[in-house]
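Chemist: 3D model of this:
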Amino acid sequence: MSAPVVVSVVPASAAARSGIRAGDEIRSIDGQVPRDVIEYRVLTDEEDFELELGRGGLSLSAEVTKRPGEPLGIEVSSSLFDQVRTCDNHCEFCFIYQLPPGMRKSLYLKDDDYRLSFLYGNFTTLTRFTELDLERVITDGLSPLNVSIHATDPTVRSEMLRNRRGATSLRWLAALLDHGVTVHGQIVVCPGINDGAVLEDTLCGVLDRYSGLTSLAVVPLGVSRYGDEPRMRPHTMIEAQDVVAAVRRWQQTYLELLGRRLVYAADEYYLLADQPFPPADHYGDFEMYEDGIGMARLFEAEFHGDRREGSGPTAGFFASVDGAPAEGYRSVRSGDAPGRPIRLRPRRDAPVAVLTSAYGSRVIAPLIDTLNRSDVRVIEVENRFFGGTVSVAGLLVGEDLQRALGEEPAGHRYLLPDVCLSEGRFLDGLTPDDLPHPVEIVATDGVALRHAIGAPA
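Modeler: Prediction:
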């Protein structure tokens, strides 16, 4: 177990008043050694406590006194202070196996840790879940969780995960639901493996044994040009249409028997099937937004001003927890910081070009067309870096943007969605400053895009 390190201290906070500094190690809180930021948050929620710190090789104590409910006022270096529970499945469809070599080391880490599911919305298969984990989830109220189901047939699930524990680990899903834990499920559909009759059996099994799920996302597997699993291939249009039809049938069944639709197909399926998205009210409060469910309709509603700014889903479950580092969906996108040199940008009245992916173009281009403006266009950027079926904006990289912008004129305003950046970098390690033209980083929502192109609200 490694002690969490203080990354920053909020001025005039309880931590600052107690003399805590950036770089300090937190070795214990009132004599207890927290395993993760969840326990840390509980322990520091007290009004008065003592911190054992490490500073420059020395040990010292800090007495903390604060008001009830007042945050300590620090951010720590990691979410988990003990070892991350890595994934011991070997799924054929795992996208991590399809990453090119030479990327950041952290991108190759496979986790199957229920704590990261709670903190950041990661999915867990529960194959490493234990009685002690169940007890902690219930006792500490670690809800909601995200669980990968893929198939309810034990043999099929075990085969898909390449892990014999996959055949029995869904018993933990039943236990979580029995104890009132909110669980969002996911099925990654692989053509010829868990679609067709297997998908029908899975959706029937959910109704029979896991109807307490809050939601169930049906998403297509992603295939990059680096994948080497012979059974993994893209969906055909007919296969995508069959999945959409199956989801639609089961939505009606769930609606009749449970009073809610429960299962939803990812937006990508409607694009693959060349079918229109369901209406916005189909998605309720867009709880499955981060799983690619209802993103297009929410973006459309925001763009047309049908949702007020700041409404809709939030990024990550612990978006404002005291001390939790900004990882995953909470990571800083733009990387802008005071003192960072700003490249000379075109005037606000210059022609506008929106950079996006193949799928993003199919959503955004029709919205731009409604403005009837000849000075605004969409640039569809082909993802050659990953290749295969990768067509989402979040996986655009600097190398592909360099190529696309290299063919474009100077003096235009180029808008780039922030979803393809993490802490100011693309997945290939490049930054916006490496692009041939200045770009404006825009939040990935309809309100921000409409504002950026200067359209009236």
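Chemist: please count neighbours and contacts with C-alpha atoms only from this point.
Modeler: Fine.
Chemist: just the CA coordinates of stretch 43-55, formatted as PDB?
Modeler: Taking Å, rounded to 0.1, in the frame of the first residue of the first chain, the C-alpha atoms of stretch 43-55 are listed here in PDB:
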ATOM      1  CA  LEU A  43     -12.400   9.700   7.800                       C
ATOM      2  CA  THR A  44     -11.800  13.300   7.000                       C
ATOM      3  CA  ASP A  45     -15.500  14.100   7.200                       C
ATOM      4  CA  GLU A  46     -15.100  14.300  11.000                       C
ATOM      5  CA  GLU A  47     -14.800  17.700  12.700                       C
ATOM      6  CA  ASP A  48     -11.600  17.000  14.500                       C
ATOM      7  CA  PHE A  49      -8.900  14.400  13.600                       C
ATOM      8  CA  GLU A  50      -5.200  13.900  13.500                       C
ATOM      9  CA  LEU A  51      -3.200  13.300  10.400                       C
ATOM     10  CA  GLU A  52       0.200  11.400  10.400                       C
ATOM     11  CA  LEU A  53       2.200  12.900   7.600                       C
ATOM     12  CA  GLY A  54       5.500  12.200   5.800                       C
ATOM     13  CA  ARG A  55       7.400  15.200   4.600                       C
END
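Chemist: can you list contacts of stretch 167-183?
Modeler: In this structure, residues lying in contact with stretch 167-183 by Cα atoms under 8 Å, 6 or more residues apart in numbering are 125-127, 129, 134, 138, 141-147, 149, 152-158, 209-210, 212-215.
Chemist: domains in the protein, by residue range?
Modeler: The domain map for the chain lists 6-76, 95-303, 331-452, with the assignment taken from automatic domain parsing.
Chemist: for V84, find the nearest of those domains.
Modeler: Shortest distance between V84 and the domains of the chain, using Cα to Cα, is found for domain 95-303: 6.8 Å.
Chemist: ends of the closest one, how far apart?
Modeler: Distance across domain 95-303, first residue to last, is 31 Å (Cα to Cα, to the nearest Å).
Chemist: try stretch 432-439
Modeler: Taking Cα to Cα, stretch 432-439 runs 7 Å from one end to the other.
Chemist: run through who's touching it.
Modeler: Counting by Cα under 8 Å, 6+ apart, 343-345, 398, 401-402, 405-406, 410, 413-416, 424-425 sit against stretch 432-439.
Chemist: turn the buried ones among the residues you listed into a named PyMOL selection, would you?
Modeler: Typed into PyMOL, the line below selects the buried ones among the contacts of stretch 432-439, using 16 or more other Cα atoms under 10 Å:
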select buried, resi 345+398+401+402+405+413+414+415+416+424+425
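Chemist: what residue ranges in the stretch 51-200 of the chain score low on pLDDT?
Modeler: Residues of the stretch 51-200 of the chain meeting the criterion pLDDT under 70: none.
Chemist: that older thread, among the contacts of stretch 167-183, name the ones in strands.
Modeler: Among the contacts of stretch 167-183, the ones falling in strands (DSSP state E) are 145-147, 215.
Chemist: out of the residues you listed, flag the one nearest to P279.
Modeler: Nearest to P279 out of the ones in strands among the contacts of stretch 167-183 is S215 (Cα to Cα; 17.7 Å).
Chemist: my read is that the closest one contacts I187, right?
Modeler: No - with contact defined as Cα atoms under 8 Å, S215 does not reach I187; the gap is 11.0 Å.
Chemist: more neighbours, the two?
Modeler: Here S215 and I187 are compared on neighbour count by other Cα atoms under 10 Å; more neighbours surround I187, at 24 against 19.
Chemist: check contacts around that one.
Modeler: Contacts for I187 (Cα under 8 Å, 6+ apart) come out as 148-151, 216-219.
Chemist: which of the residues you listed has the largest number of neighbours?
Modeler: Neighbour counts for the contacts of I187 were taken using other Cα under 10 Å; the highest belongs to A151, with 30 neighbours.
Chemist: returning to that earlier point: among the contacts of stretch 432-439, which ones are in helices?
Modeler: The helices in this structure, assigned by DSSP state H, contain 398, 401-402, 405-406 from the contacts of stretch 432-439.
Chemist: can you redo the residues you listed as a markdown table with pLDDT?
Modeler: Conversion of the ones in helices among the contacts of stretch 432-439 to a markdown table gives the following (pLDDT from 0 to 100):
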| residue | pLDDT |
| --- | --- |
| G398 | 96 |
| L401 | 98 |
| Q402 | 98 |
| L405 | 97 |
| G406 | 96 |
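Chemist: the domains of the chain: which one's closest to T86?
Modeler: Nearest to T86 among these is domain 95-303 (4.1 Å), distances taken as Cα to Cα.
Chemist: helix, strand, or coil at P436?
Modeler: Taken by DSSP: H, G, I helix; E, B strand; the rest coil, the conformation at P436 corresponds to coil.
Chemist: what about it, neighbour count?
Modeler: Around P436 sit 17 other residues, with neighbours defined as other Cα under 10 Å.
Chemist: try V137
Modeler: By the measure other Cα under 10 Å, the count of residues near V137 is 20.
Chemist: just say helix, strand or coil for Y254.
Modeler: When the structure is split into helix, strand and coil by three-state DSSP, Y254 lands in helix.
Chemist: what about it, neighbour count?
Modeler: A total of 19 residues lie near Y254 under the criterion other Cα under 10 Å.
Chemist: tell me the contacts of it?
Modeler: With Cα under 8 Å, 6+ apart, Y254 has these contacts: 207, 260-262.
Chemist: follow-up on the earlier one: and which of the contacts of I187 is nearest V243?
Modeler: Distance to V243 across the contacts of I187 (Cα to Cα) is lowest for V218, with 8.5 Å.
Chemist: surely that closest one touches Y270?
Modeler: No - counting by Cα under 8 Å, V218 does not reach Y270; the two are 11.5 Å apart.
Chemist: what residues does the helix or strand containing G360 touch?
Modeler: Secondary-structure assignment from DSSP states H and E places G360 in helix 358-369. Contact with helix 358-369 is made by 268, 271, 296, 300, 303, 376-382, 391-393, as judged by Cα under 8 Å, 6+ apart.
Chemist: in strands, which of those appear?
Modeler: Among the contacts of helix 358-369, DSSP E puts 376-380 in strands.
Chemist: can you mark which positions in stretch 434-443 are buried?
Modeler: Of the residues in stretch 434-443, those buried by neighbour count under the rule 16+ other Cα under 10 Å are 435-443.
Chemist: dump these into TSV; add distance to Y283 and pLDDT as well.
Modeler: As requested, the buried residues of stretch 434-443 are arranged in TSV below (distance: Cα to Cα, whole Å; pLDDT from 0 to 100):
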residue	distance to Y283	pLDDT
L435	37	97
P436	40	96
H437	38	96
P438	37	96
V439	33	96
E440	31	96
I441	28	96
V442	25	95
A443	22	93
